[in-house]
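J.: this one's structure only:
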């Protein structure tokens, strides 16, 4: 993704190594990854240094309601469900022709020529770069729309579809480097995925068990979505004591929650910065589980999210109860069937 260059650049950004553990559908560590990432958070400016033009850093992802609607339609019409993962997606994005980016090698990889440190001129974006996600989105969109002639939804820019001459179709929801693909087009759909694979390095799962951290099951006329593995990890990281030590909860919130919420809204208490940080972490984790699989907790999580900057001990306990409730009922799923 780079060439070594010696000399002056208008902006040269540092890089670093980032280590990551990937988990499977059972929340077990399945692999380890190491990436060299640009320190986009310390870029001197959010402009393309070679052109002076402000960078476009916003990158859309498919909405949870789009993903669930696609699953519901696939179940109703008994369509095939698959997922695909783009290997190193940001590294496969394309720079605009007038864009040049220079970075310093990460610690331990610096080299010199006659005492002059060498820097890298990037041929492709790197993870961490301020607009790396945007560049990947535009590259993927160009392949799907301009090359493969998919239609892009007016309502969700990450939903693409293609209707074939025989009336069959393929639908694709793109979430950064992951995609959920449904079809009733047989070989025609396979050819579209093959064309996408010819452009990008991808892995296709024919019986996906996991998508975006969610547990999925797709059978003939039935699709289910749960967050069991994600919830297990949420409980392991955030509960102050063993999850088994909590009472069995039939609801995600107690009868006193509304009073606790209204008391916090008065803001007559001193905010503990340690509590504020831990509360924000818990609620942030809860938010992800809500719109996809666990809508039974949406009201509670929304109320907790209103108090991120002024939490109380009682609200923190309410967040703990919500996590414990989700853990105790982690097998609950949003299920779509052919008949409902």
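T.: That came through, no problem. Here the structure is a predicted model, which means the values were calculated and not measured. Numbering: from 1, shown residues only.
J.: so where do the helices sit in the protein?
T.: Ranges of helices in the chain, per DSSP state H, are 64-76, 132-141, 187-199, 228-238, 257-265, 273-289, 298-305, 313-328.
J.: Count the residues that sit near residue 162.
T.: Using other Cβ atoms under 10 Å, residue 162 has 19 neighbouring residues. All C-beta spots, glycine's among them, are computed from the backbone N, C-alpha and C.
J.: Can you give me every residue that contacts it?
T.: 148, 149, 150, 151, 169, 170, 192 (Cβ atoms under 8 Å, 6 or more residues apart in numbering).
J.: From those, list the buried ones, please.
T.: Buried residues within the contacts of residue 162, defined by neighbour count using 16 or more other Cβ atoms under 10 Å: 148, 150, 169, 170, 192.
J.: Dump the residues you listed to JSON lines, plus distance to residue 254.
T.: Formatted as JSON lines, the buried ones among the contacts of residue 162 follow (distance: Cβ to Cβ, whole Å):
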{"residue": "148", "distance to residue 254": "52"}
{"residue": "150", "distance to residue 254": "48"}
{"residue": "169", "distance to residue 254": "47"}
{"residue": "170", "distance to residue 254": "47"}
{"residue": "192", "distance to residue 254": "51"}
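J.: right, and residue 316 touches residue 279 too?
T.: Yes - applying Cβ atoms under 8 Å, one finds residue 316 in contact with residue 279, separated by 5.1 Å.
J.: ok, those two, which is more surrounded?
T.: Counted by other Cβ under 10 Å, residue 316 and residue 279 do not tie: residue 279 has more neighbours, with 26 against 21.
J.: got any ranges where the protein has weak pLDDT?
T.: 1-10, 43-53, 340 (pLDDT under 70).
J.: roughly how far apart are residue 58 and residue 158?
T.: As judged by Cβ to Cβ, to the nearest Å, residue 58 and residue 158 stand 13 Å apart.
J.: One more: residue 260?
T.: For residue 260 relative to residue 158 (Cβ to Cβ), the value is 38 Å.
J.: what's the answer for residue 255, then?
T.: 41 Å.
J.: Quick check: bridge partners of the nearest residue to residue 151 once chain neighbours are set aside?
T.: Closest residue in space to residue 151, ignoring its immediate chain neighbours: residue 161 at 5.5 Å, by Cβ to Cβ, 6 or more residues apart in numbering. Following DSSP bridges, residue 161 is listed with bridge partners residue 151, residue 171.
J.: contacting residues for residue 161?
T.: Residues counted as contacts of residue 161 (Cβ under 8 Å, 6+ apart) are 150, 151, 153, 169, 170, 171, 172.
J.: Wait, the second one touches residue 169, no?
T.: No - under the criterion of Cβ under 8 Å, residue 151 is not in contact with residue 169, lying 10.0 Å apart.
J.: Now the common contact residues for those two.
T.: When contacts are counted by Cβ under 8 Å, 6+ apart, residue 151 and residue 169 have 161, 162, 163 as shared neighbours.
J.: Of the residues you listed, which is the nearest to residue 203?
T.: residue 162 (21.2 Å; Cβ to Cβ).
J.: Relative to residue 150, how far out is the closest one?
T.: From residue 162 over to residue 150 the distance is 5 Å, taken as Cβ to Cβ.
J.: one step back: neighbour count winner among residue 58 and residue 158?
T.: Legend: neighbour count by other Cβ under 10 Å for residue 58 and residue 158, higher for residue 158 (22 against 9).
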